[in-house]
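Student: coords please:
(chains A and B)
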2 protein chains.
Amino acid sequence: MKAISLLGSTGSIGTQTLEIVDEFPSQFKVVALTAGKNLPLLVKQIQKHNPEIVALADESLLPELEERLNNLDIEQRPKILPQLTGGSDGLNTVASWKSADLVVTGIVGCAGLLPTLAAIRSGKDLALANKETLIAAGPVVLPELKISGSRLLPADSEHSAIFQCLQGTPWAENARLSTGVPTPGLRRIQLTASGGAFRDWSTEELKKATIKDAISHPNWSMGRKITVDSATLMNKGLEVIEAHYLFGLDYDHIEIVIHPQSIIHSMVELADSSVLAQLGWPDMKLPILYCMSWPNRLETPWRRLNLTEVKQLTFSSPDIAKYPCMELAYSAGQSGGTMPAVLNAANEEAVAQFLNEKIHFLDIPKMIEIACERHKKDLNSNPILDDIISVDKWARTIVCEQIYKGTC
Amino acid sequence: MKAISLLGSTGSIGTQTLEIVDEFPSQFKVVALTAGKNLPLLVKQIQKHNPEIVALADESLLPELEERLNNLDIEQRPKILPQLTGGSDGLNTVASWKSADLVVTGIVGCAGLLPTLAAIRSGKDLALANKETLIAAGPVVLPELKISGSRLLPADSEHSAIFQCLQGTPWAENARLSTGVPTPGLRRIQLTASGGAFRDWSTEELKKATIKDAISHPNWSMGRKITVDSATLMNKGLEVIEAHYLFGLDYDHIEIVIHPQSIIHSMVELADSSVLAQLGWPDMKLPILYCMSWPNRLETPWRRLNLTEVKQLTFSSPDIAKYPCMELAYSAGQSGGTMPAVLNAANEEAVAQFLNEKIHFLDIPKMIEIACERHKKDLNSNPILDDIISVDKWARTIVCEQIYKGTC
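Tutor: Purely as a prediction, here's the structure:
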């Protein structure tokens, strides 16, 4: 029985993690939860899973949560109410909760960074769905992993695919202890990209793209922010940076391949030229489950892949001109230090502004480029956590300033 | 430095194995060779590799080999001439040669069975390119593997693909010690088939198929017998039986998928529904090298797979009516015991007769079906080696009888 601490229980990753816990009651139990603002759902999760502790990101909502729990009918109320806590300290407490064997970090964006770091410092294994931890704070996180012995198990489908393909290598044996150093025998990573919502749109048509267009992903069901990132291909750019930190390959050996069917979730080329790929229907539950069951695999009744039903898998090179975010991400990754944090924060802010209808879809890369360009003179190659947090704030301000100035 | 004993050095597998030895002189050396009738090539191989011992399948050719070696110019002659031997005992001596770490068995057909068994009995690891060892003699070989601790490393591309995908499972750790028992976590094997020379021919057009048509494989460069087996899809049927013995899955969980590009070399579905695949250009050198370097991988300068160049991979179900050999193989596999040996021998004989222009392409499955049908009443579920050898001879006679009778 593996005890799970789940950060971000009401989000997309969180709810799918709890579905898995429901499916495998003899394998997993949830001992700690954190959530954002969706209290009705959180209360249901507490009723069902009886965690030992629950933290709210926004402390001010704690009285309301307490009231909702107390107002439950006596037979619907958990026998022992969980310890309730909140704010940054509360999230960190849940992230390093002593009875947890594995921390699943499903908090989207830079908000997930501090609790994820708390989990790493506690030495626990992590199912990492929060990309920003490595992307923004790679230079801070890698030394922490070495100190604590915490192992990062990638929960997004692309890095999970690579992780699965690398089982049986020395790297997998030490999973994540060797993070940031080259993986023995691994020569190239090919991250597959569906191409997102606009894969069949011309650059000209993109000028007319609306929010509704951008948040309709052809294959994957995900949160709005990540779906927009898929449409700009920034999602793939961020995954390139994450893959760099996870598997230790330099950027010249991490490639993006457009694969509209999203059946091959990524590939590795090994030293001898052999290529291994992991395939499946597009469903996040599989990579999440693999983190939870690793190094074992659990029998599932999930829909089985049938390639004769899919009929064909196609591949093409991404259009660099159409998707400038990709290039921005490679360039930020190659600059290293604080630059990926700037890229990531500028992207988060620009996407938020797009979703608030303040800027157009095509303004997203422009905003990010301005922030990265400006940061060049202040690039810190060897940042500490405070530097990361500070450039993160700075980059968001720069994006807002541009919008205020009407650059867009 | 790994010392190799190579059975069948002048054949397709043999010459490619020696090319690998040439490419990696600090990793491999050849200490023992066996060959058939191609003495000029064998002499060159002896000159280049200086083996300690050489055996000829046909003993009567030994004086000629000796003469050819003695007639070499003094500066072209190996400083120490290899020990020369021949016949069945000679092959067995090479197969169990004491200084060899790995035996590569590239002898095609049932002729490879006895020396392969000798290698297994010596406890050495084997790179198995000789399918017939397991297909005809699975029930005899499996107990021998348990006794000697010899490990079978599959050298054909499909089983190598499966083997590569299963690295990191408990099965791979014991590679082949667990042969014949179910592989933990493995739920389904999907063997890919190019569809062979006639994949785009109608059943009607097949009636006009000639030898030349049958030995033109669209993707792979292989020997004539195997190329005909590809055209009938018997090759895939035999691989299904081999996969059953190697990986311990029952026949309901081993499937054939037509994949004309031959880029995905096979796939495994694991317990949680994740699918792993191994990909590469169609080239036998990679699976042979992997056997030789396993559990490591060696850096090669070989052509790297680029899926954006391939553009698309397609998949379909095989046409059972068009390829009766597939069904015959499944059925023989399910019968077990001596039946796969009958299937294999009848196929070898029928293909030989086809290549000798004695029967038509479409007669091949008919010959096999007659032999298997007749063997049903004599099926031995628990055969010893002599039973296998005896039904092998019997099945060949049955095929010849049919031809003599003019059944075709």
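Student: Could you check how many residues crowd around A:Pro139?
Tutor: 23 (other C-beta atoms under 10 Å in any protein chain shown). (C-beta placed from N, C-alpha, C; glycine too.)
Student: Please give me every residue in contact with it.
Tutor: With contacts defined as C-beta atoms under 8 Å, 6 or more residues apart in numbering or on different chains, A:Pro139 is in contact with A:336-337, A:382-383.
Student: pretty sure it belongs to a strand, no?
Tutor: No. Counting by DSSP: H, G, I helix; E, B strand; the rest coil, one finds A:Pro139 to be helix, located in no strand.
Student: Enumerate the residues of the stretch 101-250 of chain A near chain B.
Tutor: With C-beta under 8 Å from any C-beta of the partner chain as the criterion, the stretch 101-250 of chain A meets chain B at residues A:164-169, A:172, A:185, A:187-188, A:190.
Student: can you redo those residues as a markdown table with neighbour count and secondary structure?
Tutor: A markdown table is the format used below for these (neighbours: other C-beta atoms under 10 Å in any protein chain shown; DSSP: H, G, I helix; E, B strand; the rest coil):
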| residue | neighbour count | secondary structure |
| --- | --- | --- |
| A:Gln164 | 28 | helix |
| A:Cys165 | 29 | helix |
| A:Leu166 | 23 | coil |
| A:Gln167 | 22 | coil |
| A:Gly168 | 19 | coil |
| A:Thr169 | 21 | coil |
| A:Ala172 | 19 | helix |
| A:Gly185 | 19 | coil |
| A:Arg187 | 20 | strand |
| A:Arg188 | 18 | strand |
| A:Gln190 | 25 | strand |
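Student: low pLDDT regions in the stretch 151-300 of chain A?
Tutor: Scanning the stretch 151-300 of chain A for pLDDT under 70 picks out the ranges A:170-181, A:217-222.
Student: can you pull out the strands in it?
Tutor: A:152-154, A:186-193, A:254-258, A:264-270, A:275-279 (DSSP state E, counting those that start in this stretch).
Student: residue contacts, A:Ile359?
Tutor: Counted by C-beta under 8 Å, 6+ apart, A:Ile359 has contacts A:350, A:353, A:367, A:403, A:408.
Student: Count the residues that sit near the fourth one.
Tutor: Put plainly, it is A:Ile403. Neighbour tally, A:Ile403, other C-beta under 10 Å: 17.
Student: Doesn't it belong to a strand?
Tutor: No. Checked against three-state DSSP, A:Ile403 lies outside a strand; its state is helix.
Student: Just the endpoints, please. Distance across stretch A:101-114?
Tutor: 19 Å (C-alpha to C-alpha, to the nearest Å).
Student: Could you list the buried residues of that stretch?
Tutor: A:102-114 (16 or more other C-beta atoms under 10 Å in any protein chain shown).
Student: quick one on the thing from earlier: next, format the contacts of A:Ile359 as JSON lines and append distance to B:Thr133, pLDDT and secondary structure.
Tutor: As requested, those are exported to JSON lines (distance: C-beta to C-beta, whole Å; pLDDT from 0 to 100; DSSP: H, G, I helix; E, B strand; the rest coil):
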{"residue": "A:Ala350", "distance to B:Thr133": "62", "pLDDT": "96", "secondary structure": "helix"}
{"residue": "A:Gln353", "distance to B:Thr133": "66", "pLDDT": "94", "secondary structure": "helix"}
{"residue": "A:Met367", "distance to B:Thr133": "64", "pLDDT": "96", "secondary structure": "helix"}
{"residue": "A:Ile403", "distance to B:Thr133": "71", "pLDDT": "84", "secondary structure": "helix"}
{"residue": "A:Cys408", "distance to B:Thr133": "70", "pLDDT": "52", "secondary structure": "coil"}
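Student: Would you reformat the residues you listed as TSV and include distance to chain B?
Tutor: TSV is the format used below for the contacts of A:Ile359 (distance: C-beta to the nearest C-beta, whole Å):
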residue	distance to chain B
A:Ala350	29
A:Gln353	34
A:Met367	30
A:Ile403	37
A:Cys408	34
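Student: May I have stretch A:14-29 as PDB, with CA atoms only?
Tutor: In PDB, the C-alpha atoms belonging to stretch A:14-29 read as follows (Å, rounded to 0.1, in the frame of the first residue of the first chain):
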ATOM      1  CA  GLY A  14      -5.400  15.700  -9.200                       C
ATOM      2  CA  THR A  15      -8.800  14.300 -10.200                       C
ATOM      3  CA  GLN A  16      -7.200  11.700 -12.400                       C
ATOM      4  CA  THR A  17      -4.800  10.600  -9.600                       C
ATOM      5  CA  LEU A  18      -7.800  10.100  -7.400                       C
ATOM      6  CA  GLU A  19      -9.600   8.100 -10.000                       C
ATOM      7  CA  ILE A  20      -6.600   5.800 -10.000                       C
ATOM      8  CA  VAL A  21      -6.600   5.600  -6.200                       C
ATOM      9  CA  ASP A  22     -10.300   4.600  -6.600                       C
ATOM     10  CA  GLU A  23      -9.500   1.900  -9.100                       C
ATOM     11  CA  PHE A  24      -6.700   0.400  -7.000                       C
ATOM     12  CA  PRO A  25      -7.900   0.600  -3.400                       C
ATOM     13  CA  SER A  26      -5.500  -2.200  -2.300                       C
ATOM     14  CA  GLN A  27      -2.500  -0.400  -3.800                       C
ATOM     15  CA  PHE A  28      -2.900   3.300  -3.000                       C
ATOM     16  CA  LYS A  29      -4.300   5.500  -0.300                       C
END
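Student: Give me the contact list for that stretch.
Tutor: So stretch A:14-29 is in contact with A:1-4, A:6-9, A:30, A:35, A:41, A:45, A:48-49, A:104, A:106, A:127, A:284-285, A:288-289, A:292-293, A:298, A:300, going by C-beta under 8 Å, 6+ apart.
Student: ok, now stretch A:90-97?
Tutor: For stretch A:90-97, the external contacting residues (C-beta under 8 Å, 6+ apart) are A:5, A:7, A:31-34, A:52-57, A:59, A:85, A:103, A:105, A:114-116, A:118-119, A:121-122, A:124.
Student: So which of the residues you listed are in helices?
Tutor: A:114-116, A:118-119, A:121 (DSSP state H).
Student: Between the residues you listed, which has the least confident prediction?
Tutor: Note: of those, the lowest pLDDT belongs to A:Leu114, at 91.
Student: Once you drop chain neighbours, what's closest to that residue?
Tutor: A:Ser88 (6.2 Å; C-beta to C-beta, 6 or more residues apart in numbering or on different chains).
Student: Then that neighbour would be within a helix, right?
Tutor: Yes. Under three-state DSSP, A:Ser88 falls within a helix.
Student: what sits against A:Gln45?
Tutor: A:Gln45 neighbours (C-beta under 8 Å, 6+ apart): A:9-10, A:18, A:30, A:33, A:35, A:51.
Student: now A:Ile254: how far from chain B?
Tutor: 14 Å (C-beta to the nearest C-beta, to the nearest Å).
Student: So what sits opposite that residue in the bridge?
Tutor: A:Ile254 forms beta bridges with A:Ile189, as assigned by DSSP bridges.
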